[in-house]
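Colleague: Need the 3D shape of this:
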Amino acid sequence: MMIPACRLVDLPRGEAHRLDIDPPVSVFHTDDGELFAIDDTCTHQDASLADGWLEGREVECPLHASKFDLKSGAVDAPPAKLPVRTHEVFVEDGMIYVRLSTAAPNLPPCIAARLAGGVA
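Modeller: Just a heads-up that it's a prediction; the model follows:
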């Protein structure tokens, strides 16, 4: 599925734009001008990565400082252990689009339990 995110001119370098879909996805515009899209929720606990700190090709979770590689989704610093899902990003006529991955997301235990009908 392809989703329009925002206009490229509306996403300054060094910033992120969160898409309020289920699960949420964020588009990051690095200082070098690269665009990446990953699942917005940290795999450790329920925190928005768009609210984190962007440095190079990494984003640091604002809750417990887990770091994720924007290109691969890999965890670069604990306490998170599972990677975030990555998505394809492209720009057409000045609009940023995200093509969602078909892989299953790695949700933090509190969200996974809630979605499964348990109490977190």
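
Colleague: show me where this protein has helices.
Modeller: Taking DSSP state H as the test, the helices found in the chain are 109-115.

Colleague: give me the low-pLDDT residue ranges for it?
Modeller: 112-113, 115-120 (pLDDT under 70).

Colleague: Strands along that one, start to end?
Modeller: 2-7, 15-19, 25-29, 35-39, 53-55, 58-60, 67-69, 75-77, 86-92, 95-99 (DSSP state E).

Colleague: can you tell me which residues contact residue 44?
Modeller: By Cβ atoms under 8 Å, 6 or more residues apart in numbering, the residues touching residue 44 are 61, 63, 64, 66, 79, 80, 81, 108. Backbone N, C-alpha and C define where each C-beta goes, glycine included.

Colleague: so can I have a markdown table of the residues you listed showing distance to residue 94 and neighbour count?
Modeller: Listed next are these as a markdown table, based on distance: Cβ to Cβ, whole Å; neighbours: other Cβ atoms under 10 Å:
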| residue | distance to residue 94 | neighbour count |
| --- | --- | --- |
| 61 | 31 | 25 |
| 63 | 34 | 18 |
| 64 | 37 | 14 |
| 66 | 33 | 25 |
| 79 | 39 | 14 |
| 80 | 34 | 23 |
| 81 | 38 | 10 |
| 108 | 35 | 19 |
